[in-house]
Structure formats: structure tokens, C-alpha cells
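# Prediction below, plus the sequence it came from.
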Amino acid sequence: MGSAGSMWQAAAIACAAPARKARWVMDRSPLAGRIVAGLGAMVEWFALALQLGNAIRGATERGLTTVDALVVFFGFFTVLTSLLTAVILSAAVLRGESEGFLALPWVRAADVVYLAVMALIYNLLLRDLWAPTGARLFAEILMHDVMPALYIFQWVFFVPKGTLRWSDPVRFLAYPLAYFIYVLARGALIGRYPYPFLDLATLGYERLAVNALVLLCVFLVLGLVCVAADHLLARGGIGAARAPMPAFPDAGADRPPG
């Protein structure tokens, strides 16, 4: 039986190398996720700073104050969503994908939906309404084109999958609903609305209610798409949450007695 024991040992050693390699790759996937999150965070913070500078400069050129610029700046869904994204990605860099409220899979997935809606609305409804140049154009591209793609990439490959529920898209609606209330309250105070499809003064309550309902349906549908993608990616093992791989047993462990 000595030859059988030697064959078992040789087979165990041969299998150990690829197992250790697989474990090496998996152990470092959180590091890769943090690197991608860090890149996204830097791009998003830079885009926000650049856009804020553009807003203050534009306000000054029109004889307005910095406070006026800030009031306008923080009225846009793009700015608030980009700020949320920057905070989420910064938290992912500092704390990883497993700690804190911002690391919860449904929170990460919700931001995917918010960024997707933001990009769709800008490219389908708003892009042709003005023609930015220079730094303004660069900031718009970063916020509406680059960051949604980069965040979704990070979500697909580095955020745990398989835990989203079909009811989660209803939770996703909390943020757009809060924003809608914020826009109405802000508009009542200053008489300005950030987007033409949310301009109560121009549209009236009935048309505004229809627009709001359509937007909420878009958020809900994309939320369901996101949950479906989460389940499919989990089945494919892409970005799925996995328990740490146990160490490969010693070559002599569990082998038949010689």
C-alpha cells in the first residue's frame, strides 16, 4: 500500500498549486475593488470640485454671489447623486465592501439606478438644451458619462451579489421622492426649479404630477432590472459573495493508510 500512499501524496501536491493560486487571486480581489473604488472616488470628487468652480465663476460673471452659486449648485440631482456616489466610493476605499450602511448591497445597487437615470435623462432630454465648452464640458462628461460607467463596472465585479430582493426597488424610491419634495420646497422659497420637467411654475400641478409619476416608474423599472442583474451575476459567480476558501489540507492529511 506504500505505492498507493505515494500516489495520493503526489496528487495532493499537484492540486495544491492551482488551489493556492485561486486563493491568492480571491484574497486580493478586495484590494482590486478598493483600487477601482479609489479611482472612481477621485474622479467624482474632482468632477464635483470642477463643476462647483464653474458654478461660482459663472455666478460671479453674472454679478451674483457665491451663496447664489451654492444655492443653484445644490439644487441639481446630478450634483447630489454625484456627491452620494463620491461618499459611497470613498467609504468602499476606507472600509471595504463589507462594513457600514453605505456598503450594504441594496444601497450600492440603489446608486447604480440613480446614476443610470441621471445619465439617461441628461443624454436624452437635457444635453441639447445647452452647449458647454472647456471646463464645463469636461465636468459634464465626467459626471454624466464617465462616472456612471465606472461605478457600474465597480458594482458588477466587486460588490457582493445575490442578496437583493424583488422588493428592494421600492426602497430605492426613497431618494428620488425626497429629492422631489426638496425641489418643490426649494422652488417655493426661491422661485426656481433645476429642470424644465420639474418646473411647477411653468407646468402646473397636474403636468408636474404626471412627470413625477413617469420618473418614479423609470426608477422602479430600472431597479427591477438591477435586481435581475444581481441575481444573474450571482449565478455566474461574478462579484458574488463567497466565503473565504479554506486552506488546502496537508499532503499527508486524510490519505489512506499505507
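Alright, I've got the coordinates. Numbers count the residues shown, from 1 in each chain.
# Point out where the stretch 51-200 of the chain drops to low pLDDT.
Applying pLDDT under 70 to the stretch 51-200 of the chain flags the ranges 97-98.
# can you count the residues close to L120?
Using other Cβ atoms under 10 Å, L120 has 14 neighbouring residues. Bear in mind the C-beta positions are built from the backbone N, C-alpha and C, glycine included.
# L80 versus that one, what's the distance?
17 Å (Cβ to Cβ, to the nearest Å).
# Just the residues contacting the helix or strand L80 falls within, thanks.
In this structure, L80 sits in helix 77-95 according to DSSP states H and E. Contact with helix 77-95 is made by 33-34, 37-38, 40-41, 44-45, 47-48, 51, 73-74, 100, 102-103, 107-108, 111, 114-115, 118, 122, 143-144, 147, 151, 154, 175, 179, 194-195, as judged by Cβ atoms under 8 Å, 6 or more residues apart in numbering.
# and W45, how many neighbours?
By the measure other Cβ under 10 Å, the count of residues near W45 is 17.
# pLDDT at it, what is it?
On pLDDT, W45 comes in at 97.
# list the contacts for it?
Counting by Cβ under 8 Å, 6+ apart, W45 touches 86, 90.
# That one belongs to a strand?
No - looking at W45 with DSSP: H, G, I helix; E, B strand; the rest coil, it is helix, so not inside a strand.
# quick one: it from L83, how far?
W45 is 9 Å from L83, where distance means Cβ to Cβ.
# so where do the helices sit in the protein?
Taking DSSP state H, the helices of the chain run over residues 2-61, 66-73, 77-95, 105-121, 134-141, 147-158, 168-172, 174-190, 200-235.
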